[in-house]
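Engineer: Provided below are the primary sequence and the corresponding predicted coordinates.
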Amino acid sequence: MISVTNRCPARCSYCNIPNRPQREMSTEELISLFDQLKHLGTQRIALWGGEPLVRDDIGFLIDYARNRCGFFVSIDSNGYLLKKKWEAVRNLDVLVMSFDGPREVQDRNREPGSFDKVMESLEWASPLMRVFTITVLTRENLGHIDFILEQARRCGFFTSFQLLHHTKSLASDEEDTLLPSNTEYQEAIRLLIERKRQGYPIVSTIPYLRYLLKWDDYSRPTSSVGKGLICRAAQLYCNVDTDGSVYPCSCLVEQVPAKNFLDVGFEEAFRFSSRGGCQACIASCFNEYNLMHSLNMQVIWSWFQHTKKT
C-alpha cells in the first residue's frame, strides 16, 4: 500500500489525513519506488491517500505500474474526480470507492452533496471497470447495510466493510463518538455473514467476518496478543507513507520507528520495519491478506474470483 498524497477534497468526520503536514513524493520518487518494488518481486500495489486522483500525474503512475512493472493496481478514491480523470484511471485493475450509505449518512459524514457525487460515479463506472466500495461502519450507518447492498445489486459493484481502526495520527477526534458498542458491531457482522451467504455482492470473506466477530473489544483495534491468525505485515506486505517512510501497515503509521526509502532504499527500509508489540488488528485488507498468506483456500478462491481478469 502506497500513500501518494494527504490532499483530499472531502473532510470525512472520522479522518484526519488531510491535516497531516508531510510533503508528498514526486513523480520521479514514486517511479523509483515502483522500480525497486518490481526488482524485489512485488505483485500488487494499492494507491491511496488522501485522494490519489488530485495528483496531476496519477494516470502516468498507474500506467507505469501496470505496463512497465506488471503490477496489479488498485486505487482508493472518494469518486469526486472520477469522470474528470477517467482517461487517467481507465487502466486500473480495481477501483475502490468510499461509500457510507444513504444521502443523510454520506452527506453528514463527508459534506453536503457527497452522496450525489459518489452515486453518479458508481453508476457511471460500474459498467466500465471492476468497482468495489468500502464502507466504514459507524454508529451513523449500521442500520443501512441493506441499503448499500441493494445499491450494489442495482449498479453492479461489489461491497466491502471496515470497522473503525485507524491510529490517532490518521483518525479525527470525532472517531470515538462514532464508535458503535461491541454488541452493535457484532450484530452488524452477523448480518453481513447472513447476507454474504444469501448471495449479496460482498467481497469481504466469511473467514474474515468470523475473525472480526471474535474480537473482544472494538475500541481497541490492535492487540499485543495474537488472535489465532498470523500477521504477515513487514514480511509479505507493508505501507509506504506519504513522505516515503515504510511501515508494516497503516495501523502502525507513526506508532513504530520507520526508515524512509528515499534515504536508504526500499529494501533496507522494509527489512527495518517491525510491528513492535502489535500481533493482531481488525483492519479488513490486512486480515484478508493474512488469511490468504495462511493459505486459507476459501479466502484465496473468493479473492481470485473477484479480481481475476475477464
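Structural biologist: Received the coordinates, thanks. Note that the structure is predicted; figures quoted are calculated from it, not measured.

Engineer: poorly predicted segments of this protein, please.
Structural biologist: Segments of the chain classed as low confidence (criterion: pLDDT under 70) are 166-176, 309-310.

Engineer: try it again with 80
Structural biologist: Low-confidence segments of the chain (pLDDT under 80): 11-15, 165-177, 308-310.

Engineer: helices of that one, start to end?
Structural biologist: Using DSSP state H, the helices of the chain run over 27-39, 58-63, 86-89, 103-109, 114-125, 145-155, 175-178, 182-197, 206-213, 261-264, 266-272, 284-293, 297-307.

Engineer: for Thr159, list each beta-bridge partner.
Structural biologist: Thr159 has these beta-bridge partners by DSSP bridges: Thr133, Ile202.

Engineer: next, count neighbours for it.
Structural biologist: A total of 24 residues lie near Thr159 under the criterion other Cβ atoms under 10 Å. All C-beta atoms are positioned from the backbone trio N, CA, C, and that covers glycine.

Engineer: just checking, it touches Leu192?
Structural biologist: No - at 9.1 Å, Thr159 does not count as touching Leu192 under the criterion of Cβ atoms under 8 Å.

Engineer: what's the overlap in contacts for these two?
Structural biologist: Shared contacts of Thr159 and Leu192, defined by Cβ atoms under 8 Å, 6 or more residues apart in numbering, comprise Ile202, Ser204.

Engineer: circling back to that earlier point, deepest of the helices of the chain, which one?
Structural biologist: Comparing those by mean neighbour count (mean count of other Cβ atoms under 10 Å), helix 284-293 comes out on top with a mean of 21.

Engineer: that one to helix 297-307, inter-axis angle?
Structural biologist: Relative orientation of helix 284-293 and helix 297-307, computed by axes from the mean of the first three to the mean of the last three Cα atoms, to 10 degrees: 120 degrees.

Engineer: distance from helix 284-293 to the middle of the chain?
Structural biologist: Distance of helix 284-293 from the chain centroid (Cα atoms, centre = their mean, to the nearest Å) equals 12 Å.

Engineer: same thing with stretch 133-151?
Structural biologist: That offset, for stretch 133-151, works out to 16 Å (Cα atoms, centre = their mean).

Engineer: list the contacts of it.
Structural biologist: Defining contact as Cβ under 8 Å, 6+ apart, one finds that stretch 133-151 is touched by 14, 76, 96-102, 105, 108-109, 119, 122, 152, 157-164, 177-180, 184-185, 187-188, 191-192, 195, 200-202, 284.

Engineer: can you check stretch 32-46 too?
Structural biologist: 1-2, 25, 61, 64-65, 68-76, 96, 240, 244, 261, 265-267, 270, 285.

Engineer: buried ones among these?
Structural biologist: Applying 16 or more other Cβ atoms under 10 Å to the contacts of stretch 32-46, the neighbour count classes 1-2, 25, 61, 64-65, 69, 71-76, 96, 240, 244, 261, 266, 270, 285 as buried.

Engineer: so how many other residues sit close to Gln235?
Structural biologist: Gln235, neighbours per other Cβ under 10 Å, totals 13.

Engineer: switch to numbering from 20
Structural biologist: Let's use 20 as the start, then, which means that last one is Gln254.

Engineer: so what's it up against?
Structural biologist: By Cβ under 8 Å, 6+ apart, Gln254 lies in contact with nothing.

Engineer: over to Ile50?
Structural biologist: Leu80, Tyr83.

Engineer: would you mind measuring from it to Val23?
Structural biologist: When distance is defined by Cβ to Cβ, to the nearest Å, Ile50 is 12 Å away from Val23.

Engineer: for Glu307, same thing?
Structural biologist: The separation that Glu307 has from Val23, given Cβ to Cβ, amounts to 22 Å.

Engineer: what's the span of stretch 142-157 from first residue to last?
Structural biologist: Start-to-end span of stretch 142-157 (Cα to Cα, to the nearest Å) is 24 Å.

Engineer: how long is stretch 265-275 from one end to the other?
Structural biologist: 10 Å.

Engineer: re the thing from before, what residues do Ile50 and Val23 have in common as contacts?
Structural biologist: Shared contacts of Ile50 and Val23 (Cβ under 8 Å, 6+ apart): Leu80.

Engineer: that older thread, which among the helices of the chain is found nearest to Arg239?
Structural biologist: Of all the helices of the chain, it is helix 201-216 that lies closest to Arg239, at 10.6 Å by Cβ to Cβ.
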